[in-house]
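**Student:** got a predicted model here, sequence first, then my questions.
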Amino acid sequence: MTAAGTDPEAWQEKCLISIIPHGTTAISCEGITEDITGMEWGEKDIEGQVLINGGRVAKYTSMTDESITLKVYPVNAEVGANEGVVQHFHQILAGDDATQPIVVANSQERRKFGIVILWAETLPANAVTVPVTSKTAYRIQVVNAYLTSYKPNFDDKIFSAEVTFKWTPFQKGAGANKREESTDGTVALAAAITVATSF
């Protein structure tokens, strides 16, 4: 029998992030948890409906859209070396520009993305690799996300950018677009997503 891992007091500092653009291979990187600047999960709000007798019943409102904002440090406009972001925001139908000099013009096209974020007692090679059994882990996976915002800046006197991925909480057929998973180490997590549009 496999021994359980040890839960940390809190998941912090390092994590692994994989971004999977639709139709291409995953972009895998190491992340600093504090550089995840926004995790806006959807709200399942209610509204009190007044009854004739003065009582109330809860009227459900539909779950709102979800998003995550990450801080990245692009060093060029390429995508092949996983060093740039702008071509993912301004997708072109003809495919990514890999010919020097790289030119990225504004585009009306959009592409879907899968997202995997992993915290683990012992981090594996990348976020889509299942952590070893006997180690605790926590994972967030998203499919059918869109890159809706790319904001370069020179905060802290270094070139960086904040990128926001946004998705609806459910697909057209009502299947979920996000899942969160954890393990105490007695059983390994299931295989992670490898495509942008389905679990």
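**Tutor:** Yes, it's here. Residues are numbered from 1 along each chain as shown.
**Student:** list the contacts for the nearest residue to residue 67 once chain neighbours are set aside?
**Tutor:** Of all residues not flanking residue 67 in the chain, residue 166 sits nearest, at 4.1 Å (Cβ to Cβ, 6 or more residues apart in numbering). The way it works is simple: take the backbone N, C-alpha and C, and place the C-beta from them, glycine included. Applying Cβ atoms under 8 Å, 6 or more residues apart in numbering to residue 166 gives the contacts 65-67, 145-146, 148.
**Student:** wait, doesn't residue 111 sit right on residue 91?
**Tutor:** Yes: the criterion here is Cβ atoms under 8 Å, and residue 111 meets it with residue 91 at 4.5 Å.
**Student:** list the buried ones in the helix or strand of the chain with the lowest mean pLDDT?
**Tutor:** When the helices and strands of the chain are compared on mean pLDDT, DSSP states H and E, strand 27-32 comes out lowest with a mean of 88. The neighbour-count check on strand 27-32 (16 or more other Cβ atoms under 10 Å) flags 27-29, 31 as buried.
**Student:** show me which pair in those residues is furthest apart.
**Tutor:** Pairwise distances across the buried residues of strand 27-32 (Cβ to Cβ) peak at 11.7 Å, for the pair 27 and 31.
**Student:** so what sits against both of the two?
**Tutor:** Joint contacts of residue 27 and residue 31 (Cβ under 8 Å, 6+ apart) do not exist.
**Student:** for the residue nearest the centre of the chain, which non-adjacent residue is spatially closest?
**Tutor:** Computing the C-alpha centroid of the chain and ranking residues by Cα atoms, centre = their mean puts residue 115 first, at 3.6 Å. Nearest non-adjacent residue to residue 115, counting by Cβ to Cβ, 6+ apart: residue 142, 4.1 Å away.
**Student:** partner strands of the longest strand seen in the chain, with direction?
**Tutor:** Longest strand of the chain, by residue count under DSSP state E: strand 137-153. Strand 137-153 has its sheet partners listed here by DSSP bridges as strand 112-120 (antiparallel), strand 160-167 (antiparallel), strand 178-183 (antiparallel).
**Student:** need the CA coordinates for it. CSV is fine.
**Tutor:** The C-alpha trace of strand 137-153 is given here as CSV (Å, rounded to 0.1, in the frame of the first residue of the first chain):
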residue,chain,number,x,y,z
ALA,A,137,-0.7,17.5,-5.3
TYR,A,138,-3.4,20.0,-6.4
ARG,A,139,-4.2,20.7,-10.0
ILE,A,140,-6.5,23.1,-12.0
GLN,A,141,-7.4,22.3,-15.6
VAL,A,142,-9.3,24.4,-18.1
VAL,A,143,-10.5,23.8,-21.6
ASN,A,144,-12.1,26.0,-24.3
ALA,A,145,-10.4,29.2,-22.9
TYR,A,146,-9.7,32.3,-25.0
LEU,A,147,-6.8,34.7,-24.6
THR,A,148,-8.8,37.8,-24.2
SER,A,149,-6.2,40.3,-22.9
TYR,A,150,-2.5,40.9,-23.5
LYS,A,151,-1.1,43.9,-21.7
PRO,A,152,2.7,44.6,-21.9
ASN,A,153,4.3,46.9,-19.4
